[in-house]
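Engineer: this one's structure only:
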């Protein structure tokens with residue numbers, strides 16, 4: 001995703017989740033793709049699903065970024 005092609009990566013992560021719903025990192029990566037595309041509500045949903053499945057500092061950091069963005073948009 002170093003080329004910022006998040007719109008290409010998004011359906012691939014969705015397919016990966018469909019094929020292997022137990023893999024937390026797929027959900028985390030999908031959440032990041034969505035966040036970078038400014039799909040904040042859906043990014044928050046997927047990050048929370050990943051965190052509910054496994055506590056991870058990277059996912060917590062992403063949720064903090066999302067919360068900050070939501071807070072900034074409300075101001």
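Structural biologist: On my side now, so go ahead. Keep in mind the model is a prediction, meaning the values are calculated, not measured.
Engineer: return the distance of residue 60 relative to residue 15.
Structural biologist: Distance of residue 60 to residue 15, given as C-beta to C-beta, to the nearest Å: 26 Å. Backbone N, C-alpha and C define where each C-beta goes, glycine included.
Engineer: return the distance of stretch 39-58 from the chain's centre.
Structural biologist: 6 Å (C-alpha atoms, centre = their mean, to the nearest Å).
Engineer: tell me the buried residues in it?
Structural biologist: For stretch 39-58, burial by neighbour count (16 or more other C-beta atoms under 10 Å) applies to 39, 40, 43, 44, 45, 46, 47, 48, 49, 50, 51.
Engineer: check what pLDDT the third one gets.
Structural biologist: Predicted confidence (pLDDT) for residue 43: 97.
Engineer: that one and residue 65, how far apart?
Structural biologist: Distance from residue 43 to residue 65, by C-beta to C-beta: 9 Å.
Engineer: what sits in contact with each of these two?
Structural biologist: residue 35 (C-beta atoms under 8 Å, 6 or more residues apart in numbering).
Engineer: can you pull out the helices in the chain?
Structural biologist: 6-19, 24-36, 40-53, 57-74 (DSSP state H).
Engineer: average pLDDT across the second one?
Structural biologist: Spelled out, it's helix 24-36. On average, helix 24-36 scores 97.
Engineer: so how far is residue 18 from the residue nearest in space to the middle of the chain?
Structural biologist: Centroid-nearest residue in the chain: residue 31, 0.9 Å away (criterion: C-alpha atoms, centre = their mean). Taking C-beta to C-beta as the measure, residue 31 falls 16 Å from residue 18.
Engineer: repeat that for residue 3.
Structural biologist: Residue 3 is 24 Å from residue 18, by C-beta to C-beta.
Engineer: so what's residue 44 closest to, chain neighbours aside?
Structural biologist: Residue nearest to residue 44 in three dimensions, not counting chain neighbours: residue 66, with 4.8 Å by C-beta to C-beta, 6 or more residues apart in numbering.
Engineer: for that neighbour, which residues are in contact?
Structural biologist: 35, 40, 43, 44, 47.
Engineer: low pLDDT regions in the chain?
Structural biologist: 1-2, 74-75 (pLDDT under 70).
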